[in-house]
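1. structure for this input, please:
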Amino acid sequence: MLDWYPNAVHSFLFAAEQEGYFEQEGLKVNLETPADTNDAIKLLAAGKADLAISYQMQIAQSRAEDIPVVSVAALVRHPLDQIFVREDSDIKSPKDLAGKKIGYPSTPLNEAMVNTMVASDGGDPSQVKYTDIGWDLIPAMTTGKVDAIIGGYINHEKLLIEKEGIPLRTFDPADYGVPDNYELVLAASEDGLAKHEDTIRKFLKAAAKGQAYTVQNPDQALNILLEHENKDFPLDPEVEKQSLNILLPMMDDGSAGFGEQTEASWEAVIQWLKDHGQIKADTTIKAQDAFRNLGV
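-> Below you'll find the predicted structure:
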């Protein structure tokens, strides 16, 4: 189950399908799009999906609510969800958001991120004016309804806004007190992992080949993706090309194996979520239980 409609971040999966890497592992894989970006984890927990693309922080919060899901691979290894402001604004760093209006999709997690960033930068979070704009992030920014937004991705909304002639300045949460985190992970249910660990390992092996193909053949991988675009969400080839250029370094595992995760990353994320009220402080949640490296 994808996290959203097909876009550049999923190129490696469609490449793996097109090049026959799943078939080589004896797998028949259906790549499906959820109706809502939060549905993937729900379908996974309900046993209606075998694997789902989700978010590191959402996995941690789900486990804190006794939803037995486990991350089996880090896909995008750094934050894509960042604060955007107009490049010509007087907001030069997060502390300058005091007294300004920031649009967001009314999620407590985004609010906690902004508050952390402003405080880390020496500002007063209580002076930030939050405006619920739902998911109308782009028009809120292009019409000047708000001074800043959070909830948009640097590889999608930022590119679309700048295409309309509005250059943006971005602030990375990892630079202002929020732990560097895996924006996207691949997750399984605990039960599914226990029963089908070998099959999941085969999936990851094929996905790793798809990622290597995408790195070596970005234009071809993009063409494969475009062949699978959702008719309700047509893709802009130039935007997706720019998006893939942003994503590939952020998906690079370095010398580690495909999707490998660290306990230190999970510990930092869980502690930050507790410290900022996104997980109850007395909740017992162990970092080592939230993820598995399957040695791909």
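
2. for the lengthiest strand in the chain, list the C-alpha coordinates in CSV.
-> Within the chain, and with DSSP state E defining each element, the longest strand by residue count is strand 69-76. Only the C-alpha atoms of strand 69-76 are listed here, as CSV (Å, rounded to 0.1, in the frame of the first residue of the first chain):
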residue,chain,number,x,y,z
VAL,A,69,3.1,-2.3,13.4
VAL,A,70,6.8,-2.5,12.8
SER,A,71,9.0,-0.6,10.3
VAL,A,72,11.0,-2.9,8.1
ALA,A,73,12.9,-0.3,6.0
ALA,A,74,13.7,3.4,6.0
LEU,A,75,12.9,4.7,2.6
VAL,A,76,13.4,8.5,2.8
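
3. list the contacts of that strand.
-> With C-beta atoms under 8 Å, 6 or more residues apart in numbering as the test, strand 69-76 has contacts from 9, 41, 44-45, 51, 53-54, 56, 59, 62-63, 182-190, 193, 200, 204, 207, 247, 250-251, 258-261, 265, 289-292, 294, 296. Heads up, the C-betas are built off the backbone N, CA and C, glycines and all.

4. what's the very next helix or strand once past it packed up against?
-> Next along the chain after strand 69-76, taking DSSP states H and E as the criterion, comes strand 83-86. Judged by 3 or more C-beta pairs under 8 Å, 6 or more residues apart in numbering; DSSP states H and E, the packing partners of strand 83-86 are strand 148-149, helix 157-163, strand 168-171.

5. rerun at 10 Å
-> strand 101-104, helix 108-120, helix 137-142, strand 148-149, helix 157-163, strand 168-171 (3 or more C-beta pairs under 10 Å, 6 or more residues apart in numbering; DSSP states H and E).

6. pairing partners for that strand, with directions?
-> Here strand 83-86 is paired, per DSSP bridges, with strand 148-149 (antiparallel), strand 168-171 (antiparallel).

7. out of the ones you listed, which gets nearest to Q211?
-> Q211 lies closest to strand 168-171 among those, at 25.0 Å (C-beta to C-beta).

8. after the lowest-mean-pLDDT helix or strand in the chain comes which helix or strand?
-> Within the chain, confidence by mean pLDDT, DSSP states H and E is lowest for helix 39-45 among all helices and strands, at a mean of 87. Downstream of helix 39-45, the first helix or strand assigned by DSSP H and E is strand 52-54.

9. so N217 sits against I224, correct?
-> Yes. Between N217 and I224 there is a contact under C-beta atoms under 10 Å: 9.2 Å.

10. what do those two both touch?
-> Common neighbours of N217 and I224, counting by C-beta atoms under 10 Å, 6 or more residues apart in numbering, are S11, A15, E19.

11. let me know the closest of those to D147.
-> Looking across the shared contacts of N217 and I224 and measuring by C-beta to C-beta, the closest to D147 is S11, at 33.7 Å.

12. which residues does the residue nearest to G47 when sequence neighbours are not counted bridge with?
-> Leaving aside its sequence neighbours, G47 sits nearest to S189 (C-beta to C-beta, 6 or more residues apart in numbering; 6.7 Å). Counting by DSSP bridges, S189 is bridged to V69.

13. next one: V85
-> When bridges are called by DSSP bridges, V85 pairs up with A148, R169.

14. ok, the closest residue to D132 other than its chain neighbours - contacts?
-> Distances taken as C-beta to C-beta, 6+ apart place S106 nearest to D132, at 4.1 Å, with adjacent residues excluded. Neighbouring residues of S106 by C-beta under 10 Å, 6+ apart: Y130, T131, D132, I133, G134, W135, G151.

15. quickly find the element holding S106.
-> Following DSSP H and E, there is no helix or strand that holds S106.

16. and it, backbone torsions?
-> The phi/psi pair for S106 (degrees, to the nearest 10) reads phi 60, psi 40.

17. quick one, grab the pLDDT at it.
-> As predicted, S106 sits at a pLDDT of 90.

18. count of neighbours near the residue nearest to G47?
-> S189: 22 surrounding residues under other C-beta atoms under 10 Å.

19. now do K195
-> Using other C-beta under 10 Å, K195 has 12 neighbouring residues.

20. in a helix, it, correct?
-> Yes. Assigned with DSSP: H, G, I helix; E, B strand; the rest coil, K195 falls within a helix.

21. let's have the chain start at 2 instead
-> OK, 2 is where the count begins now, so the last one is K196.
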